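In: Here is a sequence with its predicted model. Questions after.
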Amino acid sequence: MAEAATASHANSPNAKSMSIIVTKGSLDWAYPPFILATTAAAMGVDVTMFFTFYGLPLLLKKLDLQVTPLGNAAMKMPLMGMHMTMPNIVGMIPGVDAAATRMMKNLIKKKGVASIEELREAAVESDVKMVACQMTLDLFEYDVKDMIPGITLGGAATYMADALKSDINLFI
């Protein structure tokens, strides 16, 4: 059904396309590209996601995503009826990343927000093209067999070919 919708959309005079460069692989930074990609795909937009540098691990079969409050001055967590800001210095204390990750995962579950694994599966089912940066695979010594099935390998030229014809280009 998705293929029929995509095919009919591609022939539409209003066909749109979007490319997203995904450069961050923490739990909090994984949400924006997957939410935008799946939403656009549901609206009939042809989406390409290019995973490079620290965004590449989002394509690993097994995800172990963490939140890091260090350097994130805007991180405010609902706590005891208010929003608590974590001072930057606290992020340097051992165990704070794990605690912040637990808090975020509990909040995501409590609020019924889809997991990154669920959003990634929705992207696959929606025919979002996911390109793993070959240079990053080589640089960080990842093996393509550790990645989810159905990804494409490519480099900057692969991304540029899609970006140059896209109506929307995002860098996340």
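Out: Nice, I can see it.
In: And the helices in this structure, which stretches?
Out: With helices called from DSSP state H, the chain shows them at 2-10, 27-42, 96-110, 116-125, 134-139, 156-163.
In: Low-confidence stretches in the protein?
Out: Applying pLDDT under 70 to the chain flags residues 1-14, 69-80, 84-92.
In: I'd like to know how many residues surround residue 134.
Out: Residues contacting residue 134 under the criterion other Cβ atoms under 10 Å number 16. For glycine as for every other residue, the C-beta is placed from the backbone atoms N, C-alpha and C.
In: That one reaches residue 154, doesn't it?
Out: Yes. Look at residue 134 against residue 154 with Cβ atoms under 8 Å: they come within range, at 6.3 Å.
In: circling back to that earlier point, between the helices of the chain, which one is closest to residue 145.
Out: Proximity of the helices of the chain to residue 145 was assessed by Cβ to Cβ; the nearest stretch is helix 134-139, lying at 11.0 Å.
In: Contact partners for residue 119?
Out: Counting by Cβ atoms under 8 Å, 6 or more residues apart in numbering, residue 119 touches 31, 34, 35, 38.
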